[in-house]
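In: Take this sequence and fold it.
(2 chains)
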2 protein chains.
Amino acid sequence: MKSDKTKVKRRPDRGFYDKETVYAILDKEFICQIAFVFEGYPVVIPTIYGRKDDSLYFHGANVSRMLQTMEQGVPVSINVTRTNALVLARSAFHHSLNYESVTVFGKAKLVQDDADKLEALKIISDQILKNRWSEVRLPSEKELNVTKVLKMTISEGSAKIRNEGVGDDKEDYDLDIWAGLVPIHRSYGEAEPDDKLKSGIETPDSVKSIENEEF
Amino acid sequence: MKSDKTKVKRRPDRGFYDKETVYAILDKEFICQIAFVFEGYPVVIPTIYGRKDDSLYFHGANVSRMLQTMEQGVPVSINVTRTNALVLARSAFHHSLNYESVTVFGKAKLVQDDADKLEALKIISDQILKNRWSEVRLPSEKELNVTKVLKMTISEGSAKIRNEGVGDDKEDYDLDIWAGLVPIHRSYGEAEPDDKLKSGIETPDSVKSIENEEF
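Out: Have a look, this model is predicted:
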């Protein structure tokens, strides 16, 4: 996936171009930032995605400006970033973050067939919450008709990862300044049932599998 | 801050254009996704920022392609998104997320004067960890010389917020399907001192103020 556009130049040791690394980071998240050029200006918007093989799927209302622009096959750039720790050095200069970040490029096209649209929506649903799709009322014909689904095949991409301790200049280790990491944790909390939930309906397996779990 | 570019069209009730709302979201985070056009292609990259008044500050190595592009005064678009809960409806169609998202537009310019650069770097440092700047070894002349600092005045922007429960279609409330929210929490963990920390140096106030805190 390495190209002139995706090559990590300044710290080549932090760049990764293999699909395994890039896809593993994409698979931990479900929101990306997607950038495209609209009337000459860059626009960046957050959106939900699902990955299957070399493709990312997006969905939204038919009237979405982002999707209407993307379906014309314009180039798009997508970033997903996880921030895992503050890296606090003795010097201001060597402060950093531990993170995993992926940027991919490609062009999207409209998914038109209803069966393909449903399959794509299931991929997106699974990306957010595995197996939720099998528990819910699936989209009606009318709902499908007002939903736009796009498929983008990843043409280039790279990951950039920092996962290290503090790196200070040699002479700064003598300073009486605290240095270390502060990890960042993210987790799902306790599920909060809808006020109007019918009595006797238990928390489903999909939700139980993520409750109070880090991700 | 409302303009044709920033107007939330489909769900106008979720759009906010006042500085107070936009800046409150920006002030909760310190990483944004920044998009610009490079050789005709959109590029989106994560970067650290600091906000003061109507300006965002960015920094990086002199050789950074992103900064080299931005300092030419090209239009950039920036997004910051916080995801606060999964919204699990009875129907696949009404699944959603609770989130707070800001997109702003502007053009950046180089901060050249050393005093102004230091001030901007302090703003960025404070955005990540308040008062850390007063605890560390400040940038040397040499470090300042290899660091590029940009200032972007926000010309337009908007926030989009969803902070509600489940909204299903009337007829779906009779279904035997669980619905509710799963909150997402993010917090700092326990600080991990650097292996090479001199003995007798205690965790500083800046770090104590965030340890085990949600943000």
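In: show me where chain A has strands.
Out: Remark: strands assigned in chain A by DSSP state E are A:15-16, A:31-38, A:41-48, A:50-52, A:55-61, A:75-88, A:96-110, A:147-162, A:180-188, A:192-193.
In: The fifth one: how far from the chain's middle?
Out: Offset of strand A:55-61 from its chain centre (CA atoms, centre = their mean, to the nearest Å): 12 Å.
In: Over to the longest one?
Out: Averaging C-alpha coordinates over strand A:147-162 and over its chain gives two centres that are 9 Å apart (CA atoms, centre = their mean).
In: cool, the first one as well?
Out: Remark: strand A:15-16 is offset 17 Å from the chain centroid, using CA atoms, centre = their mean.
In: Distance-wise, check residue A:121 relative to residue B:197.
Out: 51 Å (CB to CB, to the nearest Å). To be clear about C-beta, it is placed using only N, CA and C from the backbone, and glycine gets the same treatment.
In: Where among the strands of chain A is average confidence lowest?
Out: Mean pLDDT values for the strands of chain A show the minimum at strand A:15-16, a mean of 93.
In: which residues touch it?
Out: A:7-8, A:22, A:158-161 (CB atoms under 8 Å, 6 or more residues apart in numbering or on different chains).
In: between residue A:121 and residue B:197, which one's more packed in?
Out: residue A:121 (24 against 15; other CB atoms under 10 Å in any protein chain shown).
In: which residue packs closest to the more buried one, ignoring adjacent ones?
Out: Closest residue in space to residue A:121, ignoring its immediate chain neighbours: residue A:59 at 6.2 Å, by CB to CB, 6 or more residues apart in numbering or on different chains.
In: correct me, but the one you found touches residue A:118?
Out: No. Judged on CB atoms under 8 Å, residue A:59 makes no contact with residue A:118 at a distance of 11.0 Å.
In: List the buried residues for stretch A:176-185?
Out: A:177-182, A:184 (16 or more other CB atoms under 10 Å in any protein chain shown).
In: Pipe the contacts of strand A:15-16 into JSON lines and attach distance to chain B per row.
Out: Shown next, in JSON lines, are the contacts of strand A:15-16 (distance: CB to the nearest CB, whole Å):
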{"residue": "A:7", "distance to chain B": "10"}
{"residue": "A:8", "distance to chain B": "11"}
{"residue": "A:22", "distance to chain B": "15"}
{"residue": "A:158", "distance to chain B": "11"}
{"residue": "A:159", "distance to chain B": "12"}
{"residue": "A:160", "distance to chain B": "9"}
{"residue": "A:161", "distance to chain B": "12"}
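In: Just the buried ones out of those, please.
Out: A:8, A:22, A:158-161.
In: Can you add distance to residue B:32 and give these back as TSV?
Out: Compiled in TSV, the buried ones among the contacts of strand A:15-16 are given as follows (distance: CB to CB, whole Å):
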residue	distance to residue B:32
A:8	20
A:22	21
A:158	20
A:159	19
A:160	16
A:161	19
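In: CA-only coordinates of stretch A:121-140 in PDB, if you can.
Out: Only the C-alpha atoms of stretch A:121-140 are listed here, as PDB (Å, rounded to 0.1, in the frame of the first residue of the first chain):
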ATOM      1  CA  LEU A 121     -25.600  -2.100   5.900                       C
ATOM      2  CA  LYS A 122     -25.000  -5.300   7.800                       C
ATOM      3  CA  ILE A 123     -21.200  -4.800   7.400                       C
ATOM      4  CA  ILE A 124     -21.600  -1.300   8.900                       C
ATOM      5  CA  SER A 125     -23.800  -2.500  11.700                       C
ATOM      6  CA  ASP A 126     -21.400  -5.300  12.600                       C
ATOM      7  CA  GLN A 127     -18.500  -2.800  12.600                       C
ATOM      8  CA  ILE A 128     -20.300  -0.900  15.400                       C
ATOM      9  CA  LEU A 129     -21.900  -3.800  17.300                       C
ATOM     10  CA  LYS A 130     -21.300  -7.400  16.200                       C
ATOM     11  CA  ASN A 131     -24.600  -9.400  15.800                       C
ATOM     12  CA  ARG A 132     -26.900  -6.500  16.500                       C
ATOM     13  CA  TRP A 133     -28.200  -6.900  12.900                       C
ATOM     14  CA  SER A 134     -29.700 -10.300  13.900                       C
ATOM     15  CA  GLU A 135     -31.700  -8.800  16.800                       C
ATOM     16  CA  VAL A 136     -33.400  -5.900  15.200                       C
ATOM     17  CA  ARG A 137     -36.200  -5.000  12.700                       C
ATOM     18  CA  LEU A 138     -34.400  -4.900   9.400                       C
ATOM     19  CA  PRO A 139     -34.800  -2.100   6.900                       C
ATOM     20  CA  SER A 140     -38.100  -1.900   4.900                       C
END
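In: In it, which of the residues would be classed as buried?
Out: Those would be A:121-129, A:132-133, A:135-137, A:139, for stretch A:121-140 by 16+ other CB under 10 Å.
In: residues in contact with it?
Out: A:27, A:30, A:48-52, A:57-59, A:118, A:147, A:149, A:204-207, A:209-210, B:86, B:88-93, B:95, B:172, B:175, B:177-178.
In: Would you check which pair of the contacts of strand A:15-16 lies furthest apart?
Out: A:7 and A:161 (14.9 Å; CB to CB).
In: Kindly list the longest helix within chain A.
Out: helix A:114-128 (DSSP state H).
In: just how off-centre is that helix within its chain?
Out: Worked out by CA atoms, centre = their mean, helix A:114-128 lies 16 Å from the chain centre.
In: Compute the inter-axis angle for it and strand A:31-38.
Out: Interaxial angle of helix A:114-128 relative to strand A:31-38 (axes from the mean of the first three to the mean of the last three CA atoms, to 10 degrees): 130 degrees.
In: circling back to that earlier point, give me the number of neighbouring residues for the residue nearest to residue A:121.
Out: Count around residue A:59 with other CB under 10 Å applied: 21.
In: where's it relative to chain B, distance?
Out: 10 Å (CB to the nearest CB, to the nearest Å).
In: tell me the contacts of that residue?
Out: A:48, A:67, A:120-121, A:124, A:147-150.
In: what's across from it in the sheet?
Out: residue A:149 (DSSP bridges).
In: If we only consider the contacts of residue A:59, which is nearest to residue B:18?
Out: Among the contacts of residue A:59, and counting by CB to CB, the member closest to residue B:18 is residue A:48, at 26.6 Å.
In: The closest one contacts residue A:34, doesn't it?
Out: No. Checked against CB under 8 Å, the pair residue A:48 and residue A:34 is beyond contact range at 10.3 Å.
In: Looking at the two, which is more packed in?
Out: Legend: neighbour count by other CB under 10 Å for residue A:48 and residue A:34, higher for residue A:34 (26 against 20).
In: hang on, that one packs against residue A:56?
Out: No. Using CB under 8 Å, residue A:34 is not in contact with residue A:56, being 9.2 Å away.
In: I appreciate the help and will end here.
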